[in-house]
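In: Predicted model, plus sequence, below.
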Amino acid sequence: MEVHKKYDAKLVEFGGWLMPLSYPLGTIGEHKACRTSCVAFDVSHLGTVRVEGKGSFEKLQSLLTNDLSKISPGKTQYTHLLSPDGSVADDIIVWWIDDEVFDVMPNASNTSRVLSLIGGEDVTRSRAIIAIQGPLARKLTSGFLPEISQIPRNQTSKFKWNGLEVTVAGTGYTGEDGFECAVPLSGAAEFFEALLNVEGLVPAGLGARDTLRLEAGLPLHGHELGEGISPLEAGLSWVVSFDKPTFLGKEALVRQKDQGIVKKLCGFVSSTRKPIRQGQEIMQSSQVVGVVTSGNYSPMLEKGIALGFVSTPIDLNSMFYLEAKGTKTEIMHSKLPFYKGSVR
């Protein structure tokens, strides 16, 4: 925490961790820096469950929705862990570290739940996760650690930095190019500060990370994913490999696929700069047809944007509106992402 205090971070409690919400540049400034240059986030609150040894592949393949056989050691994969009713217990990134070594990366508040379902060892407290994100991420880090700057998208490898073994993956949660570094806790503060000494690279907090993921149209567990929400309803059917013999929650999901979904996740853009807020009812022709699950102001579009579930079937070409304190704000359905970053 001392390194964040040194850079005047505003610290908040998040998932049992004290984390930087923003730095003096502010959330909007950090957001724009990520979209135009490069920022570094401390996202150590995210979990790491290590599953290793004989049978690890088979165990994960039988539990997670995506098909691990589509990747190989040294690759990463986005996937879901479902509840028996087909709802998303957590959305996960799997880092396939070695032949029988997998780092399963759950959301902060779900680590213990994921651990109880898949087994393995919680190694979260043994490392820090530093995310380096932005269109200039590779250019600016090429002098700091060339091996990091060359890691391909959705691949993972290990490198040495000051005698420490750092695991790096070409992943992120901003819609921008970049990577995430798992650094042993003993050298994490020094690693983070060394990054901030790279000219043009600035620190960013969880506030900007949330507005960035929203602009990129990326779901957040507890908002667009969670209890009562399936991958199909969230528009993430590509994460589900129905060809696999089994995975946790498959039977319920097959039933929903056959019967059809009754709600779907959509993006909306406001006609004004006013931020849209979670929980606002989505209206159409004086009828409530949905609810906002995530909303805010888009620094790049300079308009309010939101993700929300609407009942199906519905005419997405018609005008929608939000109503608050007697005032109506028009919103229109928008394809996702709201803003296309440097990820290709």
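Out: Sure, I can see it. These numbers come from a predicted model, not from an experiment.
In: Residue 201 versus residue 142, what's the distance?
Out: Separation of residue 142 from residue 201 (C-beta to C-beta, to the nearest Å) stands at 12 Å. Where you see a C-beta, it was placed from the backbone N, CA and C, and this is true even at glycine.
In: quick one, strands of the stretch 201-344 of the chain?
Out: Assigned strands in the stretch 201-344 of the chain, in chain order: 201-204, 263-270, 281-284, 287-298, 303-311, 320-324, 327-334 (criterion: DSSP state E, counting those that start in this stretch).
In: Give me the helices and strands touching the last one, please.
Out: Helices and strands in packing contact with strand 327-334 are listed as strand 263-270, strand 303-311, strand 320-324; criterion 3 or more C-beta pairs under 8 Å, 6 or more residues apart in numbering; DSSP states H and E.
In: Tell me which of those strands sits most buried.
Out: Ranked by mean neighbour count under mean count of other C-beta atoms under 10 Å, the helices and strands packed on strand 327-334 are led by strand 303-311, which reaches a mean of 23.
In: Tell me which residues touch residue 69, please.
Out: Contacts for residue 69 (C-beta atoms under 8 Å, 6 or more residues apart in numbering) come out as residue 61.
In: Validate this expectation: it resides in a helix.
Out: Yes: according to DSSP: H, G, I helix; E, B strand; the rest coil, residue 69 belongs to a helix.
In: Before we move on, what's the pLDDT of it?
Out: Turning to residue 69, the model gives it a pLDDT of 98.
In: likewise residue 1?
Out: 67.
In: Equivalent analysis for the one 3 residues further on, please.
Out: The predicted structure scores residue 4 at 91 on the pLDDT scale.
In: what comes up buried for the helix or strand it falls within?
Out: For residue 4, the element it lies in under DSSP states H and E is helix 2-6. By neighbour count on 16 or more other C-beta atoms under 10 Å, the buried set for helix 2-6 is 3-4.
In: by contact count, what packs against it?
Out: helix 188-196.
In: Centre of the chain to the helix it packs on, how far?
Out: Between the centre of helix 188-196 and the centre of its chain there are 23 Å (C-alpha atoms, centre = their mean, to the nearest Å).
In: cool, stretch 76-90 as well?
Out: The mean C-alpha position of stretch 76-90 is separated from the chain mean by 14 Å, C-alpha atoms, centre = their mean.
In: Endpoints of it, how far apart?
Out: One end of stretch 76-90 to the other measures 16 Å (C-alpha to C-alpha, to the nearest Å).
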